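[1] Got a predicted model here, sequence first, then my questions.
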Amino acid sequence: CIASLGFWAFGFALMYGGSKLYPGLDVGNSFIGFSGFFLSGASYDVSTIMMWFFQMVFAATACTIVAGAVAERMKITAYLAYAFIIGALVYPIYGKWIWGGGWLSTLSILGANGARDFAGSGVVHMVGGLAALIGAAMVGPRIGKFNKDGTPNAIKGHNLPFVVIGTFILFFGWFGFNPGSTLAATDLRISVIAVNTFLAGVAGAVVALYWVFARTGKMDITAGCNGCLVGLVAITAPCAFVAPWAAVVIGATAVPVLMFTSYFVEKVLKVDDAVGAVPVHFGGGLWGLLTVGIFSDGTYLGVKGLITGEVGQLLLQLVDIGALVAWVGITMLVTFWIIKKTIGLRASRQEELHGLDVPEHGIEAYPAEELVSPALASKEL
């Protein structure tokens, strides 16, 4: 909610001001916009507000990615603070560069024109994933996550059926995410985008399941869910520019990226990412941006990758990645540092061990247990 308010007040204007894509968005430059604040003045227009609503959901998504990585130990006040900054500043300014007519969208290298990120592998997922990595590193690991020698312990999730249900909800939601980014159902490319999205997701799920099966002899449903999600994240940037066979390859090859990033974050960096948000969103988003420069076949908007013998688009994608990492890395380091030094990032040890529901929210997740458990203990039932 607070990220949405930040995007309404400041973010949308910073992102689309100067793009002249919609009424009231006339003032800005290649780096930042200066018109459309509070959706007031000329930006109080049906088409402009429609675009704000669509983009607001993307901004909120970037914020929720961070929440998973820092779960079980970050204070709610810290969450609200960083969410506002992402929605009002971090997401929109980088989004301006790639979607709002900014410098990355107009940059030319070796005949290729503009870095491409059709539906947000970078703008949404890498932004959220990198912010999640920085936030998880600065808030520190959960109690009991790492032993004294640095080896990690597995902390199992609360409810696996909910994980599967959530994955299905996300999967279906992606058909609004990717095909919706055509901004008009009259664009016939929408069918290609929908099919590519589906194929990449299922390819990622299947490869992840068999990856774990080959190592353990078991079909791990959580691996299948994460494989599906990383495939979806990876196809988000190239979904309009590649053929269906390439979508399968992109989704399948996103799984090794997921596994490597997961190992690197936990075993090398010693960062506790509670839900695997960094491997899925940062790793998958990075791979997605690169695949635009590899598998694009030139059939949509003339975007051509390495498979057509062109190298310019891949170089543009690399510049895009560098700009993203620099901007988000610096701004989120500063953001989390300020929060840590002022209101604090982390709940107390006692609150963390008890669980944050009551200390932070004033209520148990399952209030009935407060009545049933004492009764069972006293044999009143």
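    Here it is on my side, so go on.

[2] For this structure, give me the ranges with low pLDDT.
    Where the chain drops to pLDDT under 70, the residues are 185-186, 368-381.

[3] now with 90?
    Regions of the chain meeting the criterion pLDDT under 90 cover residues 1, 21-22, 156-159, 177, 180-188, 354-381.

[4] residue boundaries of the strands in it?
    108-109, 112-113 (DSSP state E).

[5] Of those, give the one that comes closest to A59.
    Of all those, the one in closest proximity to A59, counting by C-beta to C-beta, is strand 112-113 (26.4 Å). Where C-beta positions appear, they are placed from N, C-alpha and C, glycine not excepted.

[6] Is it possible to get JSON lines of the strands of the chain that adds distance to L188 and mean neighbour count?
    Written out in JSON lines, the entries for the strands of the chain read as follows (distance: least, C-beta to C-beta, whole Å; neighbours: other C-beta atoms under 10 Å):
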{"stretch": "strand 108-109", "distance to L188": "28", "mean neighbour count": "14"}
{"stretch": "strand 112-113", "distance to L188": "23", "mean neighbour count": "20"}
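
[7] now these as TSV including distance to F146?
    Conversion of the strands of the chain to TSV gives the following (distance: least, C-beta to C-beta, whole Å):
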stretch	distance to F146
strand 108-109	43
strand 112-113	44
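
[8] To V249, which of those strands lies closest?
    strand 112-113 (21.2 Å).

[9] counting contacts, what elements does that closest one pack onto?
    With contacts taken as 3 or more C-beta pairs under 8 Å, 6 or more residues apart in numbering; DSSP states H and E, strand 112-113 sits against helix 312-341.

[10] Just the buried positions in the helix it packs on, please.
    312-317, 320-321, 323-324, 327-328, 331-332, 335-336, 339 (16 or more other C-beta atoms under 10 Å).

[11] Out of the strands of the chain, which gets nearest to V242?
    So among the strands of the chain, strand 112-113 is nearest, using C-beta to C-beta, at 15.5 Å.

[12] That closest one pairs with which strands, parallel or anti?
    According to DSSP bridges, strand 112-113 has the following sheet partners: strand 108-109 (antiparallel).

[13] quick revisit: how about the strands of the chain, which one is nearest S43?
    For S43, the closest of these is strand 112-113, at 28.1 Å, according to C-beta to C-beta.

[14] Quick one: distance of that closest one to the chain centre.
    On the basis of C-alpha atoms, centre = their mean, to the nearest Å, the separation between the geometric centre of strand 112-113 and that of its chain is 26 Å.

[15] Go ahead and name everything in contact with it.
    Outside strand 112-113, the residues within contact range by C-beta atoms under 8 Å, 6 or more residues apart in numbering are T106, L107, V303, K304, E310, G312, Q313, L315, L316.

[16] Equivalent analysis for stretch 174-188, please.
    Looking at what lies outside stretch 174-188 - C-beta under 8 Å, 6+ apart - the contacts are 51, 54, 118-120, 189-190, 193-194, 196-198, 201, 232, 235-236, 239-240.

[17] quick one: the spatially most central residue of the chain from V46, how far?
    For the chain, the residue lying nearest the average C-alpha position, counting by C-alpha atoms, centre = their mean, turns out to be H125 (2.6 Å). The spacing between H125 and V46, counted by C-beta to C-beta, to the nearest Å, is 30 Å.

[18] before we move on, the earlier item: among the contacts of strand 112-113, which one sits closest to D297?
    Minimum distance to D297 across the contacts of strand 112-113 is 7.2 Å, recorded for K304 (C-beta to C-beta).
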